[in-house]
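Visitor: fold the following.
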Amino acid sequence: MYTLSDNFSAMKPSQTREILKVTSQPGMIAFAGGSPAIEAFPCDEVTKISNEILTENPVSALVYGVSEGYQPLRDTVKKWLKEREGVGTDDDSVIITSGGTQVMDLSARILCTKGDTVICEEPSFVGSLNCFRSHGLNIVGVKIDDDGMNIDELKKAVKAHPDAKFIYTIPNFQNPGGTTLSLEKRRAMYEIARDNGIVIVEDNPYGNLRVAGEDIPSIKTMDEDGIVIYAGSFSKILAPGIRVAYALVPDKMVGAFTIAKQVSDVHTGVLNQMIVQRWFEEYDVNAHIENIKKIYRKKLNLMCDCLDKYCGGYISYVRPEGGLFIWAKLPDGVDTNDYVKRLIERKVAVVPGSAFMIDSNADCGYIRLNFSTPSDENIIKGVEIMGEVIKEF
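Guide: Purely as a prediction, here's the structure:
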């Protein structure tokens, strides 16, 4: 009789993915996803570019590629990051990955051995948490405040776990919390990591989706010691199905990162990388980002207005300045899973906050709401139902 590995035998399917199965039911209003708005997809541009590539020189897109990524795209991403965000030096290299979560997987592969400790925000992105679990890592959670990870708690965590290998953070419009790490806290986090010989994995898939407030320099801009791995993705600004993301990696880690990529999937799909590269060549990517931000600004404001109108006094939240999610708190004493179940019965799907906790069985009086995927009509209708159901409690 076969047995599963120790790392996987105790793992559970992502609650988010399980709930997403429900969203395929007819009439279901999906606040549970994390996909960009379909009206933000540049479908005509991708169709045109794909036809060009497959007509002009299809073999170039169908052969094996280099593990580090399609070189023109690597060069483009490095230049774009420097111009747009001021990140990257001559001592950093871009590695193209198959989605943003692969950066977390490769980082764990090269930095950690089974049983090692990583420090994360709590709550945090379930995909990354499951990635770390799959490597048999000890995950230590640090609570988040309205302005990101609590630095005093981070100091305590580092002191209690001096052998921690890296700190994982989503500094902009955190998933699921929606919070943005303040500049002061970014500096403090970097200093803590530097002084304790810890790497920072800075996951920034939502940074281009700011709809209010001012941009804050990334932690990577402070990296004078080569201790920050910076992760970005085209899933939220182009299309998630293309599965093209990137890591900006200190050169001293590039060799190990490349080998980890080779044993993971050899390379990211060449055709998909070429599509992204031509998108940069033939279109104004920054203008596209400004246009989709208008979509998200409207949807975010609509959902917040509806929460105030239909759930005010019952469900509270901190309005995010961008991203795709709202982290909403239920009244004390309300059973979150019961509330989620009743919403599903009323054809509204949300994700219980426990899905994003280090211990997924822990009590959590929050739910995560996605405002990018549903239509405006469904945002209004779904939040109204949320209000009706919460009042039943």
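
Visitor: low pLDDT regions in the stretch 251-393 of the chain?
Guide: Residues of the stretch 251-393 of the chain meeting the criterion pLDDT under 70: none.

Visitor: which residues in it form helices?
Guide: Remark: helices assigned in the stretch 251-393 of the chain by DSSP state H, counting those that start in this stretch are 251-265, 270-282, 285-311, 336-345, 376-392.

Visitor: other residues contacting the shortest one?
Guide: So that's helix 336-345. 19, 22, 28, 330, 349-354, 363-367, 385-386, 389-390, 392-393 (C-beta atoms under 8 Å, 6 or more residues apart in numbering). All C-beta spots, glycine's among them, are computed from the backbone N, C-alpha and C.

Visitor: and the helix or strand hosting residue 81, what other elements does it pack with?
Guide: When elements are assigned from DSSP states H and E, residue 81 belongs to helix 71-85. On a contact count with 3 or more C-beta pairs under 8 Å, 6 or more residues apart in numbering; DSSP states H and E, helix 71-85 meets strand 92-97, strand 228-233, strand 245-250, helix 270-282.

Visitor: highest mean neighbour count out of these?
Guide: strand 228-233 (a mean of 27; mean count of other C-beta atoms under 10 Å).

Visitor: nearest to residue 117, of the helices and strands packed on helix 71-85?
Guide: strand 228-233 (16.9 Å; C-beta to C-beta).

Visitor: and the helix holding residue 81, C-alpha only, in PDB?
Guide: Provided in PDB are the C-alpha atoms of helix 71-85 (Å, rounded to 0.1, in the frame of the first residue of the first chain):
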ATOM      1  CA  GLN A  71      15.900  37.000 -23.000                       C
ATOM      2  CA  PRO A  72      14.100  39.900 -24.700                       C
ATOM      3  CA  LEU A  73      11.400  39.700 -22.100                       C
ATOM      4  CA  ARG A  74      13.900  39.500 -19.200                       C
ATOM      5  CA  ASP A  75      15.600  42.700 -20.600                       C
ATOM      6  CA  THR A  76      12.200  44.400 -21.000                       C
ATOM      7  CA  VAL A  77      11.000  43.600 -17.500                       C
ATOM      8  CA  LYS A  78      14.300  44.800 -15.900                       C
ATOM      9  CA  LYS A  79      14.100  48.100 -17.700                       C
ATOM     10  CA  TRP A  80      10.400  48.500 -17.000                       C
ATOM     11  CA  LEU A  81      10.800  47.800 -13.300                       C
ATOM     12  CA  LYS A  82      13.700  50.300 -13.100                       C
ATOM     13  CA  GLU A  83      11.700  53.000 -14.900                       C
ATOM     14  CA  ARG A  84       8.300  52.400 -13.200                       C
ATOM     15  CA  GLU A  85       9.300  51.400  -9.700                       C
END
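
Visitor: max-length strand in the chain?
Guide: Scanning the chain for the strand with the most residues, using DSSP state E, yields strand 138-145.

Visitor: what residues does it touch?
Guide: Contacts of strand 138-145 (C-beta under 8 Å, 6+ apart): 115-124, 129, 132-133, 149-150, 153-154, 157, 160-161, 164, 174, 177, 179, 357-358.

Visitor: swap in 7 Å and give it another go.
Guide: With contact meaning C-beta atoms under 7 Å, 6 or more residues apart in numbering, strand 138-145 is reached by 115-122, 129, 132, 149-150, 153-154, 157, 161, 174, 177, 179, 358.

Visitor: how about stretch 347-355?
Guide: 14-16, 19, 22-23, 27-32, 123, 126, 336-337, 340, 343, 360, 362, 364-369, 382, 385-386.

Visitor: what of stretch 100-115?
Guide: By C-beta under 7 Å, 6+ apart, stretch 100-115 touches 97, 118, 127-128, 131-132, 135-138, 165-166, 199, 201, 203, 205, 229, 231, 233, 235, 245, 247, 253, 256-257, 260-261, 264.

Visitor: from those, list the buried ones, please.
Guide: 97, 118, 127-128, 131-132, 135-138, 165-166, 199, 201, 203, 205, 229, 231, 233, 235, 245, 247, 253, 257, 260-261 (16 or more other C-beta atoms under 10 Å).
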